[in-house]
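Asks: here is my input, please return the structure:
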Amino acid sequence: MTKAPLSGLKVLELGELVAGPFIGTLLGEFGAEVIKVERPGRGDILRQFGPTVDGESLYWKANGRNKKSVVLDLEKASARTVLGELIARCDVLINSLRPGTMEKWGFTEEILKESFPSLVVVYVSAFGRTGPKASEGGYDPIAQGFSGLSDMTGDADGPPMRAGGCIPVCDFMTGVAGALGAVLSLYGRDRAPDRRGQSVDIALYDVAFRMTAPLLSYFDLSQEVWSRSGNHSLGGAPTGHFLTSDDRWVCVSVQNDEQFRRLARLMDRSDWLTDRRYADNSSRTKHREQICSEFADWARAQTRQDLIRSFENQSLVAGPINDVADLAADLHLAARGCSWERNDELGEYRTPDVVPRLSGTPGIVRRRAPALGADTLDVLKQELSYSDSACARLLGEGALGE
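Replies: Model (predicted):
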């Protein structure tokens, strides 16, 4: 098989939870060697994040794969020396520590550029490296709230809600954008005569605002604040989630005139086609509460399977609202989405496939998520050529944790 597209690249990852480390996950799945530096003791908080089985986080199992774990106590000077030597051997540095942390240890952007001119540095933070809030920390729900995304989420007469519920959607999106920034920077570096690297500045707030930005444009032009509207789409009718006769939920989105005509025929509602309120998409959006109410009555007389099939027969789109038990039995997910993994301690479970899917050089899972510090001594000896006595000295100083 052709070698992975990022094989030969070395990546150093400093950071916890999802956004920054997901960059390392994505790069590692396409061949990069990823060395993850973790604090002594508990390591990355992701190791305890979300649902656990026998003390093992399934989020860590899925997102810590293809990485080597090195423990360094970076409060100690000797550990910071090791960190500098690792940076010197890497193509990409991912820094998602709280703003100012690496600078406190002497690794300012100016020093990194001067000492490691070919290095690509990806900075990941809540609000970015510029602006009044640049020094502030934050997590997914903070970015969602600040960007207006939470205000757009929820029922019209209810409180604002976090998009995705407990799933940190902006963290994962920031990871994707950060990985793209890293690859673009590497591409630019390799085309430049001096092979000089650059920095990538990506914030959770950036990706959240990128989605809500057109609503700010709308406010600029109309002075109207776009209000949240539950599960409705930005336009069209009927849209949203509807309950069927077998107490299952479906998602429906009718987005244009032709689709509305097909739905009217399916429901035997010729009166909809002569009602001036429903003449075009804009008018239907204004009156969609009435349309959705009548559609909901019709949906409650159908089973979920029958509704979805009747929509497919009319070239309309409807889909199930799956819970995790539904996913476990879903044939499409079984064919495209996950693979079975065998763990001696936990048993068999499914883990997500690598995305995106490349036809010629697909990403692969080369190694499972490591135990904390499992690779510390190997990395010191193989990457930095440290002797046994040098490793013993660092251990004695506590630079490698206990």
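Asks: going forward, measure contacts and count neighbours with C-alpha atoms only.
Replies: Will do.
Asks: state which helix of the protein is the longest.
Replies: Ordering each helix of the chain by length in residues (DSSP state H) puts helix 169-191 first.
Asks: contacts for that helix, please.
Replies: 18-24, 26-27, 92, 118, 120-122, 124, 139-140, 143-144, 163, 195-200, 202-205, 207-208 (C-alpha atoms under 8 Å, 6 or more residues apart in numbering).
Asks: those strands in this protein, which residues are they?
Replies: 10-14, 33-38, 52-53, 56-57, 67-71, 92-95, 120-125, 199-203, 239-243, 249-253, 318-320, 338-343, 347-352 (DSSP state E).
Asks: got those strands as TSV, with mean neighbour count columns?
Replies: Formatted as TSV, the strands of the chain follow (neighbours: other C-alpha atoms under 10 Å):
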stretch	mean neighbour count
strand 10-14	24
strand 33-38	24
strand 52-53	11
strand 56-57	16
strand 67-71	25
strand 92-95	25
strand 120-125	26
strand 199-203	22
strand 239-243	21
strand 249-253	20
strand 318-320	19
strand 338-343	12
strand 347-352	12
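Asks: one step back: which of the contacts of helix 169-191 are buried?
Replies: Applying 16 or more other C-alpha atoms under 10 Å to these, the neighbour count classes 18-24, 26-27, 92, 118, 120-122, 124, 139-140, 143-144, 163, 196-200, 202-205, 207-208 as buried.
Asks: lowest-confidence helix or strand of the protein?
Replies: strand 338-343 (a mean of 84; mean pLDDT, DSSP states H and E).
Asks: report all helices and strands that it contacts.
Replies: Judged by 3 or more C-alpha pairs under 8 Å, 6 or more residues apart in numbering; DSSP states H and E, strand 338-343 is in contact with strand 347-352.
Asks: I'd like the average pLDDT over the strand it packs on.
Replies: The average pLDDT for strand 347-352 rounds to 87.
Asks: would you mind pulling the contact partners of that strand?
Replies: Against strand 347-352 from outside (C-alpha under 8 Å, 6+ apart): 62, 337, 338, 339, 340, 341, 342.
Asks: could you identify the most distant pair in these?
Replies: 337 and 342 (16.9 Å; C-alpha to C-alpha).
Asks: ok so, going back, rebuild the strands of the chain as TSV, extending it with distance to residue 390.
Replies: As requested, the strands of the chain are arranged in TSV below (distance: least, C-alpha to C-alpha, whole Å):
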stretch	distance to residue 390
strand 10-14	21
strand 33-38	19
strand 52-53	37
strand 56-57	33
strand 67-71	16
strand 92-95	25
strand 120-125	29
strand 199-203	33
strand 239-243	62
strand 249-253	61
strand 318-320	59
strand 338-343	35
strand 347-352	39
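Asks: could you chop the protein up by domain?
Replies: 10-211+341-397, 249-320 (automatic domain parsing).
Asks: could you pull out the helices in the stretch 151-300 of the chain for me?
Replies: 169-191, 204-222, 257-267, 270-274, 281-286, 288-299 (DSSP state H, counting those that start in this stretch).
Asks: now do the stretch 1-150 of the chain
Replies: Counting by DSSP H, counting those that start in this stretch, the helices of the stretch 1-150 of the chain are 19-29, 58-63, 77-88, 101-104, 109-115, 140-147.
Asks: let me see the contact set for the residue nearest to residue 168 when sequence neighbours are not counted.
Replies: Distances taken as C-alpha to C-alpha, 6 or more residues apart in numbering place residue 140 nearest to residue 168, at 5.6 Å, with adjacent residues excluded. By C-alpha under 8 Å, 6+ apart, the contact set of residue 140 is 126, 168, 169, 170, 171, 204.
Asks: and the first one, its phi and psi?
Replies: For residue 126, the backbone dihedrals are phi -70, psi -40 (criterion: degrees, to the nearest 10).
Asks: that one touches residue 207, doesn't it?
Replies: No - counting by C-alpha atoms under 8 Å, residue 126 does not reach residue 207; the two are 10.3 Å apart.
Asks: pLDDT score for residue 252?
Replies: Taking residue 252 on its own, its pLDDT is 96.
Asks: please apply the same query to the one 4 residues further on.
Replies: Per-residue confidence at residue 256 stands at 92 (pLDDT).
Asks: then residue 363?
Replies: pLDDT, residue 363: 91.
Asks: wait, it sits on residue 3?
Replies: No - contact between residue 363 and residue 3 fails when scored by C-alpha under 8 Å: they sit 10.0 Å apart.
Asks: joint contacts of these two?
Replies: Going by C-alpha under 8 Å, 6+ apart, residues that sit against residue 363 and also against residue 3 are residue 31.
Asks: tell me which of those two has more neighbours.
Replies: The neighbour comparison of residue 363 against residue 3 (other C-alpha atoms under 10 Å) goes to residue 363, with 23 against 13.
Asks: in stretch 98-108, what's buried?
Replies: 98, 99, 102, 107.
Asks: and the third one, what does it touch?
Replies: Same thing as residue 102. residue 108.
Asks: all numbers from here: first residue = 29
Replies: Yep, numbering from 29; the last one is residue 130 now.
Asks: so how far is residue 401 from it?
Replies: Between residue 130 and residue 401 the distance is 20 Å, computed by C-alpha to C-alpha, to the nearest Å.
Asks: can you give me the end-to-end span of stretch 382-391?
Replies: 6 Å.
Asks: need the contact partners of that stretch.
Replies: 29, 30, 31, 32, 33, 57, 58, 59, 392, 393.
Asks: ok so, going back, now do the longest helix of the chain and strand 227-231, the angle between them.
Replies: Per axes from the mean of the first three to the mean of the last three C-alpha atoms, to 10 degrees, the angle that helix 197-219 makes with strand 227-231 is 170 degrees.
Asks: in helix 197-219, which residues are buried?
Replies: Buried-residue list, helix 197-219, by 16+ other C-alpha under 10 Å: 197-211, 213-214, 217.
Asks: quick one: work out the angle between it and helix 47-57.
Replies: Using the same axes, to 10 degrees, helix 197-219 lies at 50 degrees relative to helix 47-57.
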